[in-house]
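Could you look at this predicted model? Sequence included:
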Amino acid sequence: MRTKLIALLLLGSSFFMTAQKFELGKVSKEELEQKHYPLDESAPAAISFQTGKVTYEFNNGFTTVFTVKTRIKIYKKEGYDQANQVITYYSGQNSSGVHIKFSQVATYNLVDGKIEKTKLQDEGKFSNKVNRYWTQKKITMPNVKEGSVIEFEYTISQAGIGTPEKWNFQYRIPVAYSEFITEIPEYFDYNKSQKGFIFPKVTTEKVQYNPDFQFIRTTYIAQNMPAMKQERFVNNIENYTSSISHELSYINIPLRYGGSYFEPVANGWETITKNIYKTDDFDRELEKTKYFEDDIKPLIAGLNTNKEKVNAIFNFVKSRVKWNGETGFLCHYGVKDAYHNKIGNVAEINLMLIAMLRYAGVSTSPVLLSTRDNGIVLFPSIRNFNYVIAVVEADNQLLFLDATDENAKPGILPLRDLNWTGRLMRKENNVSYDVELTPKTLSKETTNMSATISADGTITGKTRHQLADYKALSFRSTVLKMNRDEYLESLESHNNAIEINQYTQENAADLDKPVVENYSFVSKNDAEIIEGKIYFTSKLFLTDKENPFTQEVRAYPIDFTFPFEDKYNISIEIPAGYQVESLPKSVNMVTGDDVGAFKYQAVSTDNKIQITITATMNRAIVPADYYEVLKDFYQKVIEKQNEKIVLIKT
């Protein structure tokens, strides 16, 4: 039996529900009459219960079976999106025998005091091939209204030893009861990783369904889980959502005559690195060079330094091959096809870039990462990566490159890449190690303004707004894609309804220089005249009004994406016949621990006021336990900005 098994392996509660049995098809009138979720009246919907089970069936080989049952109560129209359920599953290499089946899909409503059940019809079922590796199955629940209860079951079956699907105990709506069970044959060992701040109750026991081996059954139960609510400056709320993930570590099967068959699968980074370089869609694509040699030779001829070669090849790849929007660290059609068709996925573009740089003699390696919207990688796991970039190593420094974004440049990655760390992968000796992706250099934004206030409170002037590095990247990625008139209308409305004219931009396409905006303005809403005195704030229409941090407590780190410095140099000419009665005092504030700083200085000379303001945030990511300090710091900054300068008639 065990010898045959080895051969086959090588081939291939809510508050009111706690004590009851969770079954589909038994919706009560009381559930349908319920008007709001008792533990969170603001919730648009709530998961009444969700149970999942992973089992491994054996019949001439293993089949991994994952079954999920879910019931959701809809309270408000904002909860209608729960009617759309999507399952994304791997359908690429070595994924034969994957089957997904929905069952017991229905919507329940209370109509004239009676329970009405509407079953899902064929028109509510959809299938979508996302790319070469991933496919989606979708359902749209019928007849969903405020007060509806929807429920469904689905099963994913896959031939062979699969990896249990990630299980979330929390979502963006509350969860009354969540239960996840894994029954794993004793021959398989899985690494487990839990995320979040609320951990489920866990029990483990051994069960035996046949005389040959036992299963390890682990049950996770969580009750009354609060909704995950988005807060400002959170890179991905999923990073803090209570969940459990598995990764197959090794297979260890006793042999009939002693000893055992042992196969490491994801037993540490060395094994993962080795497996990556065994993959044709990765390693073989890195080795190809003939398709670009005739173009690269003249491009780098006469270039003597690595910096010159990096810039030339990076810009060549960006202009030659456009990104098709697909992520992943494996090629889809291959680097050669991407080069000739001038379009490709992330892997095709950046593996091509690495190959070209190596051809030019520049030491370059691939770095696997998980993008901000994909979450962080907590333990050795190839499944959690969805992206690959290049890194040039020289003089003990790392220069990161991603040629998928037209506005990126060497050392300035697309914002989606800035997700804590990546994993640098070396083929030699299967070595890999973490590299920090978070920028250390301040991205600077400088505003120079000259303004004149008239006696009737009208303010006219000119502004020069300059942005560098990641500030410039953000501007180019958003503003330059907007219609000019729409952008100016937005700029006016977001700046207290000023009137803008003579608007120009500098260096919009020159990525080596800061992008600059110039414009003249007229403001009629930023000065008040009260009893003959003129009142206004130092930054005029640029004054921040509210503290971005409003929660009493904060559970998640504050993620600014990159460290920055905002500087304002403002010169204000006061009207004839007036003088300064009061001016805000100069301050120099720091948070401590070199997190943030704020400097404010205002000086009055003759008929002009000179104001210099500098706000610095030295860390891209600030721990949650620093929240109170940061909140207080920002509050003091807001208060200082909103202090009034007062002019009085002479």
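Perfect, thanks for sending it. Numbers count the residues shown, from 1 in each chain.

what's in contact with stretch 301-315?
Contacting residues not belonging to stretch 301-315 are listed as 296, 299-300, 353, 356-357, 360-362, 392, 394, 399, 401, 403, 409-410 [CB atoms under 8 Å, 6 or more residues apart in numbering]. Where you see a C-beta, it was placed from the backbone N, CA and C, and this is true even at glycine.

Ok, stretch 518-531 next?
453, 456-465, 495-506, 534-537, 540-541.

With stretch 579-586 instead?
The contact list for stretch 579-586 (CB under 8 Å, 6+ apart) reads 533, 538, 574, 600-604, 609, 640, 643-648, 650.

returning to what we had before: taking the contacts of stretch 301-315, please make a PyMOL selection of just the buried ones.
Here is the PyMOL selection string for the buried members of the contacts of stretch 301-315, based on 16 or more other CB atoms under 10 Å:
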select buried, resi 296+299+300+353+356+357+360+362+392+399+401+403+409+410
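
Widest-spaced pair of the contacts of stretch 301-315?
The span of those, defined through CB to CB, is set by 361 and 409 at 21.1 Å.

that older thread, are any of the contacts of stretch 518-531 buried, and which?
Using 16+ other CB under 10 Å as the burial test, those include 453, 457, 459-461, 463-465, 495, 498, 500, 505, 534-537, 540-541 as buried.

In strands, which of those appear?
Under the assignment DSSP state E, these contribute 453, 459-461, 463-465, 500, 505, 534-537 to strands.

list the helices and strands the strand or helix carrying residue 203 packs on?
Residue 203 belongs to strand 201-207 when elements are defined using DSSP states H and E. Here strand 201-207 touches strand 215-225, going by 3 or more CB pairs under 8 Å, 6 or more residues apart in numbering; DSSP states H and E.

number of nearby residues for the nearest residue to residue 186 once chain neighbours are set aside?
Spatially, and ignoring its direct neighbours in sequence, residue 186 is nearest to residue 214 (4.9 Å; CB to CB, 6 or more residues apart in numbering). Residue 214 sits with 15 neighbouring residues when counted by other CB atoms under 10 Å.

Check the gap between residue 214 and residue 70 for me.
Distance of residue 214 to residue 70, given as CB to CB, to the nearest Å: 30 Å.

again with residue 402
38 Å.

where does the residue nearest to residue 195 when sequence neighbours are not counted fall, phi/psi-wise?
Closest residue to residue 195 apart from its sequence neighbours, by CB to CB, 6+ apart: residue 243 at 5.0 Å. Here is the backbone geometry of residue 243 (degrees, to the nearest 10): phi -160, psi 170.

could you measure residue 243 against residue 329, distance?
From residue 243 across to residue 329, the span is 22 Å (CB to CB).

repeat for residue 84
Distance, residue 84 to residue 329, using CB to CB: 29 Å.

Settle it for me: which of these two has more neighbours?
Using other CB under 10 Å as the criterion, residue 84 and residue 329 rank with residue 329 on top: 24 against 13.

residues of stretch 594-610 that come out buried?
For stretch 594-610, the neighbour count (16+ other CB under 10 Å) marks 595, 596, 597, 598, 600, 602, 604, 609 as buried.

If we only consider the residues you listed, which is nearest to residue 274?
Nearest to residue 274 among the buried residues of stretch 594-610, counting by CB to CB, is residue 595 at 40.7 Å.

just checking, the closest one touches residue 630?
Yes: the criterion here is CB atoms under 8 Å, and residue 595 meets it with residue 630 at 7.1 Å.

Overlap of the contact sets of those two?
Common neighbours of residue 595 and residue 630 (CB under 8 Å, 6+ apart) are residue 622.

how about low-confidence regions in this structure?
1-21, 92-96, 267 (pLDDT under 70).

Run through the helices of it in chain order.
According to DSSP state H, the chain carries its helices in the segments 2-11, 29-33, 269-276, 285-287, 290-300, 306-320, 335-341, 346-359, 469-478, 484-493, 627-641.

For residue 441, which of the ones you listed is the nearest?
Nearest to residue 441 among those is helix 469-478 (6.7 Å), distances taken as CB to CB.

Which strands and helices lie in contact with the closest one?
Partner elements for helix 469-478 (3+ CB pairs under 8 Å, 6+ apart): strand 443-453, strand 515-523.

show me where the stretch 501-650 of the chain has strands.
515-523, 528-530, 533-537, 558-559, 564-573, 578-582, 587-590, 596-605, 608-617, 621-622, 644-649 (DSSP state E, counting those that start in this stretch).

Return the most buried member of those strands.
Neighbour counts (mean count of other CB atoms under 10 Å) averaged over each of the strands of the stretch 501-650 of the chain peak at strand 558-559, with a mean of 22.

Contacts for it, please.
If you take CB under 8 Å, 6+ apart as the criterion, strand 558-559 is touched by 233, 234, 235, 549, 620, 621, 622, 624, 626, 627, 630.

is it possible to export these to CSV including distance to residue 138?
CSV is the format used below for the contacts of strand 558-559 (distance: CB to CB, whole Å):
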residue, distance to residue 138
233, 32
234, 27
235, 27
549, 38
620, 36
621, 35
622, 39
624, 36
626, 42
627, 39
630, 41
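
Most neighbours among those residues, which one?
Ranked by the number of neighbours (other CB under 10 Å), those place residue 235 first, at 24 neighbours.

Contacts only, for that one.
Shown in contact with residue 235 (CB under 8 Å, 6+ apart): 372, 419, 559, 561.

same thing with residue 512?
With CB under 8 Å, 6+ apart, residue 512 has these contacts: residue 409.

Tell me how many other residues crowd residue 53.
Residue 53 has 18 nearby residues by other CB under 10 Å.

now swap in residue 377 and tell me
Neighbourhood size, residue 377 [other CB under 10 Å]: 22.

ok, back up a step: pick out whichever of residue 402 and residue 70 has more residues nearby.
The residue with more neighbours, out of residue 402 and residue 70, is residue 402; 26 against 21, by other CB under 10 Å.

From residue 353, how far out is that one?
Relative to residue 353, residue 402 is positioned 9 Å away (CB to CB).
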